[in-house]
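**Student:** Here you go, sequence then predicted model.
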Amino acid sequence: MLREVPAHRVPMDASGKKPHTYLERANCCPPPIFIILISIAELAVFIYYAVWKPQKQWVTLDQGIWESPLSYKPERREEAWRFVSYMFVHAGVEHIVGNLLMQLLLGIPLELVHKGFEVGMVYLAGVVAGSLASSIFDPLSALVGASGGVYALMGGYFMNAVVNFREMIPLLGVFRILAIVAIVGTDFGFAFYRRFCNSEEGMRVSFVAHFGGIVAGMTIGYVFFSDYNEKLLKDPPP
C-alpha cells in the first residue's frame with residue numbers, strides 16, 4: 001500500500017518549497033566543512049615537512065616524506081594507520097596543489113548538496129581502497145598523497161551526474177560527465193608514464209591507488225549521491 005508522505009518529511013528549500021532541480025538543493029547549511037578541514041590538514045602537513053623538516057628543496061620533497069610515519073610503505077604494513085595517514089603526505093608543490101584544487105573543486109559542490117557525512121565517507125573509502133589495492137596489486141610500491149580520496153570524489157562526482165542527470169540542466173550534466181572522463185583519462189596517462197616510462201631514480205610510487213579510489217568512489221557514491229527525494233518517497237521514515 002502506498003503511503004502519503006507528510007509535507008514536513010519532504011526536503012524543502014529556504015522559501016519552504018520542495019526543490020525540483022539538483023541545483024536548488026545546494027545550500028550552505030551546514031557549510032562544506034569536511035572537505036575544507038581535510039584540505040587544511042593536508043596543507044599543514046605539507047608545510048611542516050617543507051619548512052620545519054630539513055629538505056634539499058621544498059618544491060619536490062625527498063627524504064622527509066619517505067621516512068615519515070604517515071606515508072604508506074610496503075615493508076611497514078603492520079602499522080595499520082599508514083593505510084589512511086598517507087593521504088596527508090605529498091611529494092611536492094605540484095602534487096599538493098593538484099590534489100587540493102581537484103578535491104575542493106569537486107568536493108565543495110558535492111558537499112553543498114549531499115553534506116559532509118556522505119562526502120566524507122566517499123573520500124575516506126577512496127583513501128582506504130587505494131592503499132588496499134596498492135598493497136594487493138602493487139605490493140612493492142610506496143604511497144603518498146590524497147589521490148585515492150581525490151579519485152573517489154571523481155568517481156562519486158561521475159555517478160552523481162549519472163543518477164541525478166534528469167534533475168540537472170542537460171548541458172551541465174553532459175559537461176560534468178565529459179569533464180571527469182577527460183580528467184581521469186589524462187591523469188591515468190601521466191600516472192602510467194611516471195610509473196613505467198620515467199627513468200628518474202627514486203622510490204616507485206604506486207598508481208594502483210587511483211584505480212582503487214575511483215572504484216570506491218563510484219560504488220559508495222552511487223549509494224550516497226542517489227536522488228534522496230525519491231528514496232524518501234519510496235521509504236519514508238516512521
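**Tutor:** That came in fine, so what should we check first?

**Student:** Could you use CA atoms for every contact and neighbour count after this?
**Tutor:** OK.

**Student:** Neighbours of Val97, how many?
**Tutor:** When neighbours are counted by other Cα atoms under 10 Å, Val97 registers 12.

**Student:** check which helix or strand covers it.
**Tutor:** Using DSSP states H and E, Val97 falls within helix 93-137.

**Student:** and that helix, what does it pack onto?
**Tutor:** helix 33-47, helix 82-85, helix 147-163, helix 208-225 (3 or more Cα pairs under 8 Å, 6 or more residues apart in numbering; DSSP states H and E).

**Student:** redo that, cut-off 6 Å
**Tutor:** helix 147-163, helix 208-225 (3 or more Cα pairs under 6 Å, 6 or more residues apart in numbering; DSSP states H and E).

**Student:** Between those helices, which one is closest to Val113.
**Tutor:** Closest to Val113 of the helices and strands packed on helix 93-137, according to Cα to Cα: helix 208-225, at 9.0 Å.

**Student:** Leaving out chain neighbours, which residue sits closest to Pro139?
**Tutor:** Nearest non-adjacent residue to Pro139, counting by Cα to Cα, 6 or more residues apart in numbering: Pro74, 6.2 Å away.

**Student:** how close does the one you found sit to Met87?
**Tutor:** Pro74 sits 15 Å away from Met87, going by Cα to Cα, to the nearest Å.

**Student:** which one of those two has more residues nearby?
**Tutor:** A direct count of neighbours by other Cα under 10 Å for Pro74 and Met87 places Met87 higher, at 27 against 17.

**Student:** how close does the residue nearest to the more buried one when sequence neighbours are not counted sit to Leu101?
**Tutor:** Closest residue to Met87 apart from its sequence neighbours, by Cα to Cα, 6+ apart: Ala146 at 4.0 Å. Using Cα to Cα, we find Ala146 at a distance of 12 Å from Leu101.

**Student:** So those two - more neighbours on which side?
**Tutor:** Each of Ala146 and Leu101 has its neighbours counted (other Cα under 10 Å); Ala146 has more, 33 against 13.

**Student:** Mind pulling up the pLDDT for the more buried one?
**Tutor:** Looking at Ala146, its pLDDT stands at 90.

**Student:** That one and Ser226: what is the separation?
**Tutor:** 25 Å.

**Student:** Pro32 now?
**Tutor:** With Cα to Cα as the criterion, Pro32 and Ser226 are 19 Å apart.

**Student:** Comparing those two, which shows the higher neighbour count?
**Tutor:** Pro32 (22 against 17).

**Student:** Count the neighbours of the closest residue to that one other than its chain neighbours for me.
**Tutor:** Distance criterion Cα to Cα, 6+ apart; nearest residue to Pro32, sequence neighbours excluded, is Glu111 at 5.3 Å. Glu111 is flanked by 24 other residues according to other Cα under 10 Å.

**Student:** try Glu78
**Tutor:** Glu78 has 10 neighbours, counted by other Cα under 10 Å.

**Student:** now swap in Thr219 and tell me
**Tutor:** Neighbours around Thr219, by other Cα under 10 Å: 16.

**Student:** got a pLDDT number for it?
**Tutor:** You'll see Thr219 listed with a pLDDT of 91.

**Student:** Over to Pro109?
**Tutor:** Turning to Pro109, the model gives it a pLDDT of 86.

**Student:** That one and Tyr123, how far apart?
**Tutor:** From Pro109 to Tyr123 the distance is 14 Å (Cα to Cα).

**Student:** Check Met154 too.
**Tutor:** 10 Å.

**Student:** Looking at these two, which has the bigger crowd around it?
**Tutor:** Tyr123 (34 against 30).
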